[in-house]
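Chemist: sequence unknown, structure follows:
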């Protein structure tokens, strides 16, 4: 596959731009499609409670809010057909 995945170590926050509980893993992927890349932020909730997460990127700054159930994974499409393969996610999650 042409995608590039980058696991972000965000437990406790990343320079004030991201804060997630230790049991929530965040990764990003730029998936190649004809004419560009789809930017995807992947949220994996290993917690016993649901997580409410807000996702934005440097390319798509408009925040999206998603709920990730316990022991679930949610993929958030933040941008379609980007000419750039690289982007930085800003994620904040709280347990409910």
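Modeler: Thanks, I have it. What you see is a predicted model; the values in this text were computed from it and never measured.
Chemist: Can you get me a residue count around residue 35?
Modeler: Per other Cβ atoms under 10 Å, the neighbour tally for residue 35 reads 9. From N, CA and C alone the C-beta is placed, and that goes for glycine too.
Chemist: now this structure, which segments are flagged as low pLDDT?
Modeler: Scanning the chain for pLDDT under 70 picks out the ranges 1-17.
Chemist: what are the bridge partners for the most centrally placed residue in it, then?
Modeler: The residue lying closest to the centre of the chain (Cα atoms, centre = their mean) is residue 41, at 2.8 Å. Residues in a beta bridge with residue 41, per DSSP bridges, are residue 28, residue 76.
Chemist: Touching, it and residue 79? I think so.
Modeler: No: in this structure residue 41 lies outside contact range of residue 79 using Cβ atoms under 8 Å: 10.1 Å.
Chemist: Pull the contacting residues for the residue nearest to the centre of the chain.
Modeler: For residue 41, the contacting residues are 26-28, 55, 57, 75-76, 78, 89, 91, taking Cβ atoms under 8 Å, 6 or more residues apart in numbering as the criterion.
Chemist: How much space separates it from residue 20?
Modeler: According to Cβ to Cβ, to the nearest Å, residue 41 stands 11 Å off from residue 20.
Chemist: can you list residues touching both of those two?
Modeler: When contacts are counted by Cβ under 8 Å, 6+ apart, residue 41 and residue 20 have 26, 91 as shared neighbours.
Chemist: Touching both of residue 41 and residue 79, which residues are there?
Modeler: Residues touching both residue 41 and residue 79 comprise residue 57, with contact defined as Cβ under 8 Å, 6+ apart.
Chemist: buried ones in stretch 48-64?
Modeler: By 16 or more other Cβ atoms under 10 Å, the buried positions in stretch 48-64 come out as 50-51, 53-57, 60.
Chemist: picking that back up, quick one: buried ones out of the contacts of residue 41?
Modeler: The neighbour-count test (16+ other Cβ under 10 Å) marks 26-28, 55, 57, 76, 78, 89, 91 as buried among the contacts of residue 41.
Chemist: Distance of the residue lying closest to residue 40 once chain neighbours are set aside relative to residue 62?
Modeler: Ranked by Cβ to Cβ, 6 or more residues apart in numbering and with sequence neighbours excluded, the top spatial neighbour of residue 40 is residue 29, at 4.7 Å. Relative to residue 62, residue 29 is positioned 19 Å away (Cβ to Cβ).
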